[in-house]
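>>> coordinates for the following, if possible.
(chains A and B)
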Protein chains: 2
Amino acid sequence: MQHQENQTIPTVAREMIDEIETLVESGDYGALRDRLSDLHPADIAGLLEYLQEEERHILLSLIEDNRLGETVLHLPEEQREEYLDELGPSRIAEIVDELDPDDAADVISELSDEIAEQVLGQMQQVDSESTDEIRELLRYDEETAGGRMTTDYVSIQQDETVASAIENIRDAVREYEIDIYVLYVVDAEEKLVAFVRLQDLVLHSPQTLVSSFMVRDVITVTADEDQELVAQLMQRYDLIHVPVVDNDNHLLGIVTFDDIAEIIEEEASEDILYMVGVTDDEESPSTPAFLSLRRRLPWLIMNLGTAFIASMVVSQFEGTIGRVTALAALMPIVAGMGGNAAVQSIVVMVRSIALGDFGSGSKVRALVKEVTVGLMNGLVLGLLAGFVVWGMWGSFRLGILIALAMFVNLIVAGLVGTTIPLLLRKLKFDPALSSGPIATTFTDVCGFLTFLGLATLTLSWLLT
Amino acid sequence: MQHQENQTIPTVAREMIDEIETLVESGDYGALRDRLSDLHPADIAGLLEYLQEEERHILLSLIEDNRLGETVLHLPEEQREEYLDELGPSRIAEIVDELDPDDAADVISELSDEIAEQVLGQMQQVDSESTDEIRELLRYDEETAGGRMTTDYVSIQQDETVASAIENIRDAVREYEIDIYVLYVVDAEEKLVAFVRLQDLVLHSPQTLVSSFMVRDVITVTADEDQELVAQLMQRYDLIHVPVVDNDNHLLGIVTFDDIAEIIEEEASEDILYMVGVTDDEESPSTPAFLSLRRRLPWLIMNLGTAFIASMVVSQFEGTIGRVTALAALMPIVAGMGGNAAVQSIVVMVRSIALGDFGSGSKVRALVKEVTVGLMNGLVLGLLAGFVVWGMWGSFRLGILIALAMFVNLIVAGLVGTTIPLLLRKLKFDPALSSGPIATTFTDVCGFLTFLGLATLTLSWLLT
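A predicted model of the protein is given here:
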């Protein structure tokens, strides 16, 4: 594995920003409009982040409606909300109307209930069928298969020929401007029967019945399935789409390949952020400070509570510390190293659980392994710390003391680092969210207890 | 955002494991072979993880060669290596030969150089053309576009008709058994000119020239581009494939949608694991303990070093601690809370950098924001801690002391939590790898220094 810095595609080239700014200043809106029509909506969205508010308004007013929706979709969530808030419901309706149903539902779900209802009301007047579809999609939790799926897909009947399947595609492309890779075969009751790959249509003569080459072995998910499961399925079986069905196997929609990246990224970010108590996966440097505070403070307060628990343990040994003040300087080392090692175990466990490569038979194996690592960590780090203390504090006995305490605490670290995520998962908590503080409370308490406890037991020996 | 536990698809149902085990024991290998031929290779791989070594061998011997490759590919890396080690090079060659070139290259790259050369030698005799392709792919770093791409794609010339393009697809499907969604249009020198979607072939008459509807605006990457950039591009523009070209725009291969999930997951796992000093993104509970130790220990040793730095600071104040031993119990709280808050800032920064939504203009904004959060954190947590200390330790003055120290340290946390990742990135280090220990050393040192320093300055006031 090669180390590389975190690279990113620059969202927009500096030259493009300069060019656009010059065009805005020159007031040549015709040229500006032409330039914008060459750009991908994702790039326009990137550009908007760099502009002043006034320039941003001018730009947004120049984008054609059919591209404005896509552009808005690519803006960071907070900027999107800010922008939409300024527009009236009827303008939002016009923009959202150009989006795929699943994207439209996503944007609408971010609006306040009142505004959302007004937007849907407006859209209803223009296109009641697709508005009903969006309302349908809004019923699902955002992070489920239903919340992720789009209703833009092509379905055909079993008795159709290649030629009529192609006519279906032609209609769909004309109506929705979508990319089609797979067609779904349904029976008379709209129940999913099979799928047909586009390439198979190409390779068969127009009169062939699709039933002669359709694939009956379809992997499906139900609408209430968690998005993480959908991503795992797509990944394991290299699927380009996953059809979403209800409990009677009626086809409701499809989750497409471009969602999988977002799902995986969301889930991974969630894991990382939760682990340090940032309980919102949308948190970014542009999140308002007050909002960030509200999201991070509860976890810190919980940590403060556990820190006081550990400090109570220390309090019990104030007498010993008063006599050997070097203990005060060394005790954070024992506690801290245990915490660091526990967090390593936790992260490996949490990721394995999240990636789904954690079989039921492997719990004991994982525990044995992490405790073994803890034992070896303890041996190496304990000896190392012992020698440093002997050398720098000039006390061989203090060295032995820290070595022993460290050894014990690093085994405890392996133990709690493995069992706590598993336990939390068993109790249906998110192991990423609370493993850290719980485990480090254990290693803090245990570190202080062994180190200061041993010191108290051997106080007379230590002082001679 | 709704909280949900980390769910996973069970890799295999318990019943299936039981069923297979019964079949193995019964010795009815015919029935076993039939059962296996119904299963997806990913599921067979899942099954193998649950079996004893002997059963595993029987199972592997019953899988047809053309599915054995896929099965092996779905095994966890360590199990795959173990299994391949047992087979001779000529058997490996037979299995690998059935894989897509990019997958074949991935498997071969995991072998020792000697074995890899023997495998390639064997393959050369059977199919020298595709072996050359694999050799070509092996030249690229695994984590680049070149290392990710496959050479199984269909390219056509500009002057071809729909009918002849379809013939190209027919040949490719017959030869490689691949899924095709997009065709690439190249000129006489094999330079990439445009692409054609399969659906456009379906919708045009056989005599139409592809040049009449091909899309000239192709997003490409060069072979040495980092895989993270490829994933970001695919995500931003919702691409199903990204063509990989050399510096003269010759088409070399394509990275397909099924790679993107793996790339994103790898990069996200890397970020999390690196952050806690687990310097291998393949680390899992089944990694041998000794290997895990080798990967985690260096970071822990580094932490031990920084912990000693912090303890040196404490040492300077041993006199003060000797007189007010409660300081020993409270000082880890001040230091620890700073560390927790700093890690929150770091994670938000590191994820934003990784996700590419960190514009160049936003550094100052991020700094101001995190320091503001730190200030507010400090106010709330400082007051809270102050009251608890006043209540429990019965000393109002000690309460004021901890409140002040906490306030200062949480501002420092916001400051270092923002600047250190940015600084590391500027110096071309991976911000995820080393931000944590560096930042917490700062907050430890600063926490001890302010708390014990203030105590020393106000010692006589404290003691009255």
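>>> if I look at the residue positioned nearest the centre of chain A, how far off is chain B?
Residue closest to the mean C-alpha point of chain A, counted by C-alpha atoms, centre = their mean, is A:E266 at 1.7 Å. Between A:E266 and chain B the distance is 9 Å, computed by C-beta to the nearest C-beta, to the nearest Å. Glycine gets a C-beta too; all of them are placed from N, C-alpha and C.
>>> and that residue, which of the three is it?
helix (DSSP: H, G, I helix; E, B strand; the rest coil).
>>> that one and A:E160, how far apart?
In this view, A:E266 and A:E160 are 38 Å apart by C-beta to C-beta, to the nearest Å.
>>> check A:R236 too.
31 Å.
>>> one more: A:V348?
Counting by C-beta to C-beta - A:V348 and A:E160 are separated by 51 Å.
>>> ditto for A:G146
27 Å.
>>> what about the nearest residue to A:G414 once chain neighbours are set aside, neighbour count?
Distances taken as C-beta to C-beta, 6 or more residues apart in numbering or on different chains place A:G374 nearest to A:G414, at 2.7 Å, with adjacent residues excluded. A:G374 has 29 neighbours, counted by other C-beta atoms under 10 Å in any protein chain shown.
>>> coming back round to it: tell me which of A:V348 and A:E160 has more neighbours.
A:V348 (28 against 19).
>>> how far away from the center of its chain is the host helix or strand of that one?
Secondary structure assigned from DSSP states H and E places A:V348 in helix A:326-355. Remark: helix A:326-355 is offset 24 Å from the chain centroid, using C-alpha atoms, centre = their mean, to the nearest Å.
>>> do stretch A:51-60 as well
The answer for stretch A:51-60 is 31 Å, by C-alpha atoms, centre = their mean.
>>> what of stretch A:442-455?
The answer for stretch A:442-455 is 37 Å, by C-alpha atoms, centre = their mean.
>>> that one near chain B at all?
Yes: applying C-beta under 8 Å from any C-beta of the partner chain, one finds that stretch A:442-455 is in contact with chain B at A:D444.
>>> dump that stretch to CSV, restricted to CA.
Output of stretch A:442-455 as CSV, limited to C-alpha atoms (Å, rounded to 0.1, in the frame of the first residue of the first chain):
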residue,chain,number,x,y,z
PHE,A,442,-12.7,1.5,31.2
THR,A,443,-9.1,1.9,30.2
ASP,A,444,-8.8,5.2,32.2
VAL,A,445,-10.3,3.6,35.3
CYS,A,446,-8.3,0.5,35.0
GLY,A,447,-5.1,2.3,34.2
PHE,A,448,-5.4,4.6,37.2
LEU,A,449,-6.5,1.8,39.4
THR,A,450,-3.7,-0.6,38.6
PHE,A,451,-1.0,2.0,38.5
LEU,A,452,-2.0,3.9,41.7
GLY,A,453,-3.3,0.7,43.4
LEU,A,454,0.0,-1.1,42.9
ALA,A,455,1.8,2.0,44.1
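>>> does A:S90 touch A:Q122 like I think?
Yes: at 5.1 Å, A:S90 counts as touching A:Q122 under the criterion of C-beta atoms under 8 Å.
>>> more crowded one of these two?
A:Q122 (19 against 13).
>>> spit out the contact partners of the closest residue in space to the more buried one that isn't next to it in sequence.
Distances taken as C-beta to C-beta, 6+ apart place A:A93 nearest to A:Q122, at 3.6 Å, with adjacent residues excluded. Listed by C-beta atoms under 8 Å, 6 or more residues apart in numbering or on different chains, the contact set of A:A93 reads A:119-120, A:122-123, A:126.
>>> keep only those of these that are in helices.
Assigned to helices by DSSP state H, the following of these qualify: A:119-120, A:122-123, A:126.
>>> would you list the residues you listed in CSV and tack on pLDDT?
Formatted as CSV, the ones in helices among the contacts of A:A93 follow (pLDDT from 0 to 100):
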residue, pLDDT
A:V119, 89
A:L120, 90
A:Q122, 89
A:M123, 89
A:V126, 83
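>>> so A:D238, which state does it fall into?
Applying three-state DSSP: A:D238 is coil.
>>> ok, now which ones touch it?
B:D258.
>>> angles on the backbone of it, please.
With angles defined as degrees, to the nearest 10, A:D238 sits at phi 50, psi 50.
>>> could you do A:F213 as well?
Torsion angles, degrees, to the nearest 10, at A:F213: phi -130, psi 0.
>>> wait, it touches A:V202, no?
No: if you go by C-beta under 8 Å, A:F213 and A:V202 don't touch, sitting 11.4 Å apart.
>>> out of those two, which sits in the busier spot?
A:V202 (20 against 15).
>>> tell me how far the more buried one lies from chain B.
In terms of C-beta to the nearest C-beta, A:V202 sits 5 Å off from chain B.
>>> need the nearest residue in space to that residue, chain neighbours excluded.
B:I166 (5.3 Å).
>>> show me the helices in the stretch 1-150 of chain A, by range?
Per DSSP state H, counting those that start in this stretch, the stretch 1-150 of chain A carries helices over the ranges A:14-26, A:29-38, A:41-48, A:53-62, A:65-74, A:77-86, A:89-96, A:101-109, A:113-126, A:128-138, A:145-148.
>>> and of those, who's closest to B:I309?
helix A:77-86 (39.2 Å; C-beta to C-beta).
>>> what residues sit buried inside the closest one?
A:79-80, A:83-84 (16 or more other C-beta atoms under 10 Å in any protein chain shown).
>>> what's the answer for stretch A:307-316, then?
For stretch A:307-316, by 16+ other C-beta under 10 Å, it's A:307-308, A:310-311, A:313-315.
>>> touching, A:R67 and A:P41? I think so.
Yes: counting by C-beta under 8 Å, A:P41 is a contact partner of A:R67 at 5.4 Å.
>>> between those two, which is the more surrounded one?
A:P41 (20 against 17).
>>> tell me the spacing between the more buried one and chain B.
9 Å.
>>> just checking, that residue touches A:N66?
No: counting by C-beta under 8 Å, A:P41 stays clear of A:N66, with 9.9 Å between them.
>>> list the residues that contact A:E21.
Per C-beta under 8 Å, 6+ apart, neighbours of A:E21: A:51, A:55.
>>> pLDDT score for it?
At A:E21, the pLDDT value in this model is 81.
>>> please tell me how far it sits from chain B.
13 Å.
>>> residues of the stretch 101-250 of chain A that sit close to chain B?
Counting by C-beta under 8 Å from any C-beta, the residues of the stretch 101-250 of chain A that sit close to chain B are A:141-143, A:166, A:169-170, A:173, A:179-181, A:197-199, A:201-203, A:226, A:228-229, A:231-238, A:240.
>>> out of those, which end up buried?
By neighbour count, with 16+ other C-beta under 10 Å, those hold A:141-143, A:166, A:169, A:173, A:179-181, A:197-199, A:201-203, A:226, A:228-229, A:231-236, A:240 as buried.
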